[in-house]
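Chemist: Sequence first, predicted coordinates after that:
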Amino acid sequence: MLELKGIGASAGIAIAKAYRLEEPELTVSKTTVADQDAEIRRFEEAIQKSKSELEKIKDHAFKELGKDKAEIFAAHLLVLSDPELLNPVKDKISSDASNAEFAMKETADMFVSMFESMDNEYMKERAADIRDVTKRVIAHLIGVELPNPSLISEEVVIIAEDLTPSDTAQLNRQYVLGFTTDIGGRTSHSAIMARSMEIPAVVGTKEATAKIQNGTMVIVDGLSGDVIIDPSAETIAAYEEKKQQHEAQKAEWAKLVNEPTVSKDGQHVELAANIGTPKDVKGVIENGGEAVGLYRTEFLYMGRDQLPTEDEQFEAYKAVLTNMEGKPVVVRTLDIGGDKELPYLHLPKEMNPFLGFRAIRLCLEEQDIFRTQLRALLRASVYGNLRIMFPMIATLDEFRQAKAVLLEEKAALQSKGTVVSENIEIGIMVEIPSTAVMADVFAKEVDFFSIGTNDLVQYTMAADRMNERVSYLYQPYNPAILRLITLVIEAAHKEGKWVGMCGEMAGDPIAIPILLGLGLDEFSMSATSILPARTQILNLSKEEAASHKEQILGMQTTQEVIDFVKKTFDVK
Ligand SMILES: C=C(OP(=O)(O)O)C(=O)O
Ligand SMILES: [Mg+2]
């Protein structure tokens, strides 16, 4: 039995066999074959096996994830039937007496570099398809198994170096009971996805892949951040018990689903949820969310091979607004970049993607993408209470430009007779320190702020939110962060505007008493954090929390803040 310590990223306990999700080694080298005909047959068999595997994946994707995702695999199947790719491979085997894997790789590399150098989106996508299927064929030829999380059909815990947000979105909740990764932090997007999918997860263990073999029994404790490898029968029994306690606790919280969030001294605050897809609304309702405080629309653009159309987006936004039945829904415009990539945009690799061409910066430059999204939002606005929010605003000028584009699209729609709501609030994320510092200036022009502490902390502390080696610097309760938050809340209230927070800090039991005392109006968090947060706020007095404001803001270190909150507000 061995124990690893990581970061509890999604509450709950999973006990199951390990399933290692890794990119296998697929290097090939050239050898000379004596029987070229036999080698060609071996190649054809590998193609057949790859095809039947892809057929299965395609059917599964169609059932579980819909037509769009299934089409990716249909395109892969077409590549595997294309004589323009297959014949040169066979020719190479015959003429050079080359081994099949080497011939396949050489031929595929030639097509990939040819297609990639063309200034044509379609051809670039075909290059990506060829790269993908080549991996599969070579894996068959050299006898290596490619992992495929969507084909898992028994209960497992996934072990990976890292999971991309779209890997996470494709996990089958029925069989994937939990996951653990070497890298990542609580605010990496795979962790955020895990919380919205309610899959227990521990990230940033540094050595899960080095220490855990396929098939080993593993316990993932997303509450404490512990991962137990090859546990004894007693340990399993103890964790089964802890799991049941957690379930019982959840049942207690569930009694507050329809209660308002009112502090002990009668002050109401709004508890909202962060969502990534329209399907997440069900979890918001089940967990008693009073609003959607952040709809991360970028997930609509991910895990596919082209941009979503205006109509597809309209349907998604309409579904969220309709299902929230008039409760507020803050939709954030496309925030791509950082750890959220869109391969089909073919953006050049950057040295510092979190500081690069992303979010509103990209939208103001690639206005077709931005305007399509805004039109879809404006058309959907009549189905509920829509609020539009721009991400990563660093300057007032960016906000003004984004708002001007929105108003232009609104006027254009109205001139064509489309009805658009007149009550759409327009706000911004505060996740860049310059914007927090200038909040008094912004407050005169925006309708609301939502503080994105996931990024605000990383930019203020200069500590990458994904990098577990600097996670000691990732300090949401650092007085520097608390002072920035205070600047924003005070500036907004002076102008009669409201302030929310949609970074993970909003659902954190240590942060909640501080934020309540600072006057935060709306707390937006993973849906599963809402009921514990409500329970906590029902037992806090806002006035008393506010009475500690100056003292907390005057503290010198993060630890001082933590110790004070734990003692004063009885937080575990
Ligand atoms: C909510 C935020 O946005 P994201 O986590 O999507 O970057 C944030 O930065 O706090
Ligand atoms: Mg952010």
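Modeler: Looks like it arrived, so ask away. From a predicted model like this one, the values you see are computed outputs, not experimental measurements. Residues are numbered from 1 along each chain as shown. Ligands and ions are numbered 1, 2, ... in the order given.

Chemist: mind listing the helices for the stretch 251-400 of the chain?
Modeler: Per DSSP state H, counting those that start in this stretch, the stretch 251-400 of the chain carries helices over the ranges 281-286, 298-301, 310-323, 359-365, 367-380, 396-415.

Chemist: Give me the residues contacting the fourth one.
Modeler: Judged by Cβ atoms under 8 Å, 6 or more residues apart in numbering, the contacts made with helix 359-365 from elsewhere in the structure are 333-337, 347, 357, 369-370, 373, 390-393, 398, 401-402, 405. To be clear about C-beta, it is placed using only N, CA and C from the backbone, and glycine gets the same treatment.

Chemist: Keep only the residues you listed that also lie close to ligand 1.
Modeler: Among the contacts of helix 359-365, the ones lying near ligand 1 by Cβ under 6 Å from any ligand atom are D335.

Chemist: What subset of the contacts of helix 359-365 is buried?
Modeler: By neighbour count, with 16 or more other Cβ atoms under 10 Å, the contacts of helix 359-365 hold 333-337, 347, 369-370, 373, 390-393, 398, 401-402, 405 as buried.

Chemist: quick check: mean pLDDT across the longest helix along the chain?
Modeler: For the chain, the helix reaching the highest residue count under DSSP state H is reported as helix 36-65. Mean pLDDT, computed over helix 36-65, is 85.

Chemist: buried set for that helix?
Modeler: 36, 39-40, 42-43, 46-47, 50-51, 53-54, 57-58, 60-62, 65.

Chemist: What I need now is the helices of the stretch 251-400 of the chain written out in TSV, including distance to ligand 2 and mean pLDDT for each item.
Modeler: Listed next are these as TSV, based on distance: least, Cβ to the ion, whole Å; pLDDT from 0 to 100:
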stretch	distance to ligand 2	mean pLDDT
helix 281-286	20	93
helix 298-301	10	92
helix 310-323	19	97
helix 359-365	8	97
helix 367-380	17	98
helix 396-415	15	98
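
Chemist: of all those helices, which lies closest to P433?
Modeler: P433 lies closest, by Cβ to Cβ, to one member of these: helix 396-415, at 14.7 Å.

Chemist: List the buried residues for that closest one?
Modeler: Buried-residue list, helix 396-415, by 16+ other Cβ under 10 Å: 396, 398-399, 401-403, 405-406, 409-410, 413.

Chemist: One more: stretch 115-133?
Modeler: In stretch 115-133, counting by 16+ other Cβ under 10 Å, buried: 115, 124-131, 133.

Chemist: just stretch 137-153 next, same as before
Modeler: For stretch 137-153, the buried set under the neighbour-count rule, 16+ other Cβ under 10 Å, comprises 137-142, 149-150, 152.

Chemist: Same list, those residues, but as TSV with distance to A254 please.
Modeler: Formatted as TSV, those follow (distance: Cβ to Cβ, whole Å):
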residue	distance to A254
V137	50
I138	50
A139	46
H140	49
L141	53
I142	51
P149	30
S150	31
I152	29
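
Chemist: And the pLDDT at K124?
Modeler: So, for K124, pLDDT stands at 65.

Chemist: Show me what residue of this protein gets nearest to ligand 2.
Modeler: D455 (3.7 Å; Cβ to the ion).

Chemist: Contacts only, for the residue nearest to that residue when sequence neighbours are not counted.
Modeler: For D455, ignoring the flanking residues on the chain, the nearest one in space by Cβ to Cβ, 6 or more residues apart in numbering is E431 at 3.7 Å. By Cβ under 8 Å, 6+ apart, the residues touching E431 are 391-392, 451-456, 459, 503.

Chemist: of the buried residues of stretch 115-133, the lowest pLDDT goes to which?
Modeler: K124 (65).

Chemist: Nearest spatial neighbour of D440, chain-adjacent residues omitted?
Modeler: Ranked by Cβ to Cβ, 6+ apart and with sequence neighbours excluded, the top spatial neighbour of D440 is A491, at 4.1 Å.

Chemist: tell me the domain boundaries of this protein?
Modeler: Listed domain ranges for the chain are 2-22+148-243, 36-141, 265-569 (source: automatic domain parsing).
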